[in-house]
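In: Would you be able to build a 3D model of this:
(one chain, ligands or ions: 2)
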Amino acid sequence: MIVKRAELYDYRNYAQARVDFCDGINVLCGDNAQGKTNLLEAIYFGSVGRSPRTPRDKELIRKGCDRGRIKLTQLDRGGENTVEILLDRNENKRVAINGMPITRMGELMGVVAAVYFSPDEMRIIKDAPGDRRRFMDIALCRMSKAYFYLLGRYNKILAQRNRLLKSGKATDDVLDVWDAQLAGEGAKIVKTRRGYVERLGGFAREAHEYLSDGKESLKLEYEGFEGADQAEIEKNFACELFRNRERDKALCFTSCGVQKDDIAVKVGDTDVRAYGSQGQQRTAALSLKLSEMELHRAQSGEYPALLLDDVLSELDPYRQRKLIERSKNYQTIITCTHLPAEIASALGEFALYSVKGGAVSVDNKA
Ligand SMILES: Nc1ncnc2c1ncn2[C@@H]1O[C@H](COP(=O)(O)OP(=O)(O)O)[C@@H](O)[C@H]1O
Ligand SMILES: [Mg+2]
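Out: Ligands and ions are numbered 1, 2, ... in the order given. From the prediction side, this is the model:
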């Protein structure tokens, strides 16, 4: 799948812009604070319905405006499709696919497929488990609407259980009902995530080996409820909920569940999350993103677009070259403040754009 075109109206610092991308490497060059990240953010927003930078959609509307709009045109094996998102200061966002409004956000998943990587995301390995969980959940949502709705149901049940605990009226009868539901949906999540991490692990090991010139072997392990099958996971989850029940009542929230799970990232016997060098953590983060590209293709038959936000300047020359080599396999959109000659020559053919004050112009079609 490729992103053919992005159109932005009153979005961030863009009053109106239209950018046509090529199917290979696209380089967006410009000084700081000109709108490069904003453009990648818009593409990612059209992909999964949330910004990588903020959970507050209203921030995306251009200052002084009441509404903003993003329109993306993609091209996949099935032909062209458009995704349009309308942002309104006073209302929830509205989404239309091929001009037809959708009623459930899950319909958005997978139309525009994009993987985003920025210096912030390089911390995914050493950051709190929440970031690794989000990584996994967003990837799964993009590949499966069913997972998106499953996660929504789980979070709703969890919120209701927490509300009940806070109200101080949590009787064992009522908790029995919520716990059964939570364990049921939770077990489906664990099973899906475990399968995902297992499959991702193979691609991540390959990517990490590639990036470290065969010197390091990366291993991913899902950390969550154990169980040979869904029924056993569900039983283990339910037991844990029951074991923690009195504590949960005292704490007024649910202290165990899939909202606590994590991915262990290891090189050899070293847990990279806690003990990896900065270089190892960065390489592992990049390996995760590249493996996400591969897994998506294995599942859907097509690569997503890769969005690299200011990433090249953060890597050593060896990894820069390796990443550039890989990027040639897919549509890649790269941002940078300047383009050193050695990077330009490693990129080979690419389309160059300059971004200035919320305007994008084509520099050359290389
Ligand atoms: N909602 C908004 N309305 C208008 N301008 C915005 C909005 N949000 C961010 N900006 C502006 O966008 C610019 C940052 O753009 P960004 O894409 O992050 O820059 P960069 O080119 O460095 O990646 C800043 O000048 C910021 O003030
Ligand atoms: Mg930026």
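
In: buried stuff in the helix ranked longest in the chain?
Out: Within the chain, and with DSSP state H defining each element, the longest helix by residue count is helix 172-211. Across helix 172-211, burial judged by 16 or more other Cβ atoms under 10 Å covers 175, 178-179, 181-194, 196-197, 199-201, 203-205, 207-208, 211. Yep, even glycine has a C-beta here, placed from its N, CA and C like the rest.

In: by contact count, what packs against the helix or strand hosting residue 289?
Out: Assignment of secondary structure by DSSP states H and E places residue 289 within helix 278-300. Taking 3 or more Cβ pairs under 8 Å, 6 or more residues apart in numbering; DSSP states H and E as the contact definition, the neighbouring helices and strands of helix 278-300 are strand 114-117, helix 129-143, helix 172-211, strand 262-267, helix 272-275, helix 317-327.

In: Could you tell me the angle between the following helix or strand past that helix and helix 278-300?
Out: On the C-terminal side of helix 278-300, the closest following helix or strand by DSSP H and E is strand 305-309. Taking axes from the mean of the first three to the mean of the last three Cα atoms, to 10 degrees, one finds that strand 305-309 is oriented at 160 degrees with respect to helix 278-300.

In: Please save the CA atoms from stretch 304-324 in PDB.
Out: These are the backbone C-alpha positions of stretch 304-324, laid out as PDB (Å, rounded to 0.1, in the frame of the first residue of the first chain):
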ATOM      1  CA  PRO A 304       2.600  -0.300   5.000                       C
ATOM      2  CA  ALA A 305       4.200   3.100   4.400                       C
ATOM      3  CA  LEU A 306       7.200   3.800   6.700                       C
ATOM      4  CA  LEU A 307       7.300   7.300   8.200                       C
ATOM      5  CA  LEU A 308      10.800   8.200   9.500                       C
ATOM      6  CA  ASP A 309      10.700  11.400  11.500                       C
ATOM      7  CA  ASP A 310      14.100  12.900  12.100                       C
ATOM      8  CA  VAL A 311      15.500   9.400  12.600                       C
ATOM      9  CA  LEU A 312      18.500   9.300  10.300                       C
ATOM     10  CA  SER A 313      20.400  12.000  12.200                       C
ATOM     11  CA  GLU A 314      20.000   9.900  15.400                       C
ATOM     12  CA  LEU A 315      21.700   6.800  14.000                       C
ATOM     13  CA  ASP A 316      25.400   6.100  13.500                       C
ATOM     14  CA  PRO A 317      26.500   5.900   9.800                       C
ATOM     15  CA  TYR A 318      26.400   2.100   9.700                       C
ATOM     16  CA  ARG A 319      22.800   1.900  10.900                       C
ATOM     17  CA  GLN A 320      21.900   4.900   8.700                       C
ATOM     18  CA  ARG A 321      23.100   2.900   5.600                       C
ATOM     19  CA  LYS A 322      21.300  -0.300   6.700                       C
ATOM     20  CA  LEU A 323      18.100   1.500   7.300                       C
ATOM     21  CA  ILE A 324      18.200   3.300   4.000                       C
END
